[in-house]
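Engineer: just the structure for this:
(chains A and B)
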Amino acid sequence: MNSPTITDMERRPTEWQGVEMQKRIKRRYASERRFKALGLAAILMSAGFLAFLLIVMMSNGFRGFTQTELPLEIDFPAATGGASASQFEGQNGLANMQSMGLQDIVNNSIEIQYGADGKDLFSSGGWTAVGSEILNNPDMVEQKTIIYLPVDAALDVAYKSDGNEEAEARVEQLGDQLSTGFNWNFLISSDATDPMQVGIWGALKGSLITMFITLLLAFPVGVLAALYLEEYAPKNRITDLIEVSINNLAAVPSIIFGLLGLAVFLNLFGLPRSAALVGGLTLALMTMPVIVISGRNAVKSVPPSIREAALGIGASPLQVVFHHVLPLALPGILTGTIIGMARALGETAPLLMIGMRAFIATPPDGVTAPATVLPVQIFLWSDEVNRGFVEKTSAAIIVLLLFLLTMNALAIYLRNRFETRW
Amino acid sequence: MTNSKNEMISAGDGSPKMTTRNVNVFYGDKQAINDVSIDVNMDNVTAFIGPSGCGKSTFLRCLNRMNDTIPIAKVTGEITLEGEDIYSPTMDVVQLRARVGMVFQKPNPFPKSIYDNVAYGPRIHGLAAGKDELDNIVETSLQRAGLWGEVKDRLLDSGTALSGGQQQRLCIARAIAVDPEVILMDEPCSALDPIATAKIEELIHEIRGRYAIVIVTHNMQQAARVSQRTAFFHLGTLVEYGETSEIFTNPTETQTRDYITGRYG
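Structural biologist: Okay, here's the model as predicted:
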């Protein structure tokens, strides 16, 4: 090179070992250490919050799956005047039991064993538990039997933790007679006014049906919209507008979707309120934009060389999409679907708007039957005055979290199955 | 025999497989190809050479209408396959691309098994009546692509697990499997090492005559080795088209001579 190099003449030689340079290096390392420490602190803090949440939920919630019980001796031959086991077998069992006056039998037995105000010790609906025991094991009506029945909610709270003074005194008085058993009733029944009688099954079933409807609607519509927008739609101002609208839709507060559901599905179409169908439709509206956005990104990330390869041997555009693009984009689409569905599962606000906050004491037996869902049930129970509901709320939260985990695990399993190694 | 750019030439023996007349390609306002007329012959390998950005790949992609996928691209002029205008509305693009196969610059096997890669084309075009016939097509295609011996024991392995050269031969087998009349190769060796390149060139020699082959290459030695006819493109125009031996030993145009002797490009 013969161009004049002025810089060579003016430039001082770099002092790699100089004091300034050493200081600079030290500063560089120090800032790196600082950054690492900050990052670590952030992670520890989130892990701490998560652990705190889980510990509180678990310690409260597990108590919700148990109930405090008192033994009750029932002398069936004396009380029923000699009923036989065969009366309660087979199809007529239930009818015969209803005509027997079981509630009175149980109340009399309580009076005999615990005195005139013994009724206050037991949960008011506890006698139904005796009924189901008889149906399961009819032989017991031919002898004296001891059955463990759930106690009154105030007593339950006092026995498990600290209740009001009166209840605490009762607990002390009963002493060893009280015991703890697993609350099967919680898993098989629905909402009730007595916290000892409530169950999660109704809300769980409502959530299952609602999620199924949401998935059934949002997934195909979202995927088809994403494929069309990416593969077929011309790039012009209208598609730009659609893209912006979808992005905005994904960020709209969920209660607005509830208002939309109220206006369209209930008022315009006249669908029944409180129904899982309407809940599913409303949540599908909310979930769809999330699936469209993630779907478009997944479709976009399929390498163009694969499209060219397929086109180059004479695949039609439709074949390119369904044989190559969709299978390769599916893992990404499923990731978006997980996020959208998880959000829909935890959603309360839009469902309140379409009437799903009603008191519903039976599990829904169809898409149009009145239903409630887990988060709404949690919301309702957390609002109850009776202290017995506190642990039921936590227990319901555990059920919701387990539901969420199961759903995500399934989606991740599916995603890994479809994932292609390049 | 040499020709200037706007004159038509007789393309070797027999009638030409593909002809192009006064083809112009526009990307929006920009003209990428300017008035190119070339005949592609069945018995020959035709090479397109020229500096980067001269439009040879663009022109190649007109021959099976791959440019259709670019919304702003516009093609004028006439391109025929066996006398049929491939840009006429009655021409089915999907069928055209089966008849005019393509091998791309970067090996792009599907992320499926080797067998499925080759079988995909025959499957979508319904070329095989049953499993046995399909097996047969896959085997002969892989054999013609010189890959059968290397993969016959692992047909169900992923096509993407092969080496670069093997992947490119798999792509050639995939193109052959739909029994095309013409095979377009867009710099098929640019991503390969010399040994893999030699294998592909050998393969081109072997399948020549069965298919009309058009190859775009940056490598002039490669053009000299594999082709019988060579077209030299510069800035979107066809500068010279003729017998490869003539182009490389005694070009008419100074531009061609400069390029071939390494003066530019």
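
Engineer: for the rest of this, base every contact and every neighbour count on C-alpha atoms.
Structural biologist: OK.

Engineer: was I right to think B:Val118 contacts B:Arg174?
Structural biologist: Yes: counting by Cα atoms under 8 Å, B:Val118 touches B:Arg174, with 4.4 Å between them.

Engineer: need the residues touching each of those two.
Structural biologist: Applying Cα atoms under 8 Å, 6 or more residues apart in numbering or on different chains, one finds that B:Val118 and B:Arg174 are jointly contacted by B:Ser141.

Engineer: please, where are all the helices along chain B?
Structural biologist: B:56-62, B:93-99, B:114-125, B:131-144, B:148-151, B:164-177, B:194-207, B:220-226, B:244-249, B:254-260 (DSSP state H).

Engineer: chain A is nearest to which of those helices?
Structural biologist: Proximity to chain A (Cα to the nearest Cα) singles out helix B:93-99 among the helices of chain B, at 4.5 Å.

Engineer: which residues of chain B lie near chain A?
Structural biologist: B:66, B:93-98, B:101-104, B:108-111, B:121, B:124, B:160-161, B:174-175, B:178 (Cα under 8 Å from any Cα of the partner chain).

Engineer: what parts of the stretch 51-200 of chain A come near chain B?
Structural biologist: Residues of the stretch 51-200 of chain A lying near chain B (Cα under 8 Å from any Cα): none found.

Engineer: which stretches of the stretch 51-200 of chain A form strands?
Structural biologist: A:66-75, A:144-150, A:179-182 (DSSP state E, counting those that start in this stretch).

Engineer: check which helices and strands the first one sits against.
Structural biologist: Think strand A:66-75. helix A:102-114, strand A:144-150, helix A:153-160, strand A:179-182 (3 or more Cα pairs under 8 Å, 6 or more residues apart in numbering or on different chains; DSSP states H and E).

Engineer: domain assignment for chain A?
Structural biologist: Split into domains by automatic domain parsing, chain A comes to A:20-64, A:66-182, A:201-418.

Engineer: worst mean pLDDT among the ones you listed?
Structural biologist: Among those, domain A:66-182 carries the lowest mean pLDDT, a mean of 80.

Engineer: that domain: end-to-end distance?
Structural biologist: End-to-end distance of domain A:66-182 (Cα to Cα, to the nearest Å): 4 Å.

Engineer: give me the most central residue, chain B.
Structural biologist: In chain B, the centroid-proximal residue (Cα atoms, centre = their mean) is B:Leu184; its distance is 1.6 Å.

Engineer: hey, what's it bridged with?
Structural biologist: On the basis of DSSP bridges, B:Leu184 is bridged to B:Met102, B:Val214.

Engineer: contact partners for it?
Structural biologist: B:Leu184 makes contact with B:Leu60, B:Val100, B:Gly101, B:Met102, B:Val103, B:Ile213, B:Val214, B:Ile215 under the criterion Cα under 8 Å, 6+ apart.

Engineer: returning to what we had before: make CSV out of the helices of chain B and add mean neighbour count and mean pLDDT.
Structural biologist: Formatted as CSV, the helices of chain B follow (neighbours: other Cα atoms under 10 Å in any protein chain shown; pLDDT from 0 to 100):
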stretch, mean neighbour count, mean pLDDT
helix B:56-62, 21, 91
helix B:93-99, 22, 91
helix B:114-125, 22, 93
helix B:131-144, 18, 93
helix B:148-151, 15, 92
helix B:164-177, 27, 93
helix B:194-207, 16, 90
helix B:220-226, 17, 90
helix B:244-249, 18, 90
helix B:254-260, 17, 87
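
Engineer: so for A:Thr210, which of the ones you listed sits nearest?
Structural biologist: For A:Thr210, the closest of the helices of chain B is helix B:114-125, at 39.4 Å, according to Cα to Cα.

Engineer: I am finished for the moment; much appreciated.
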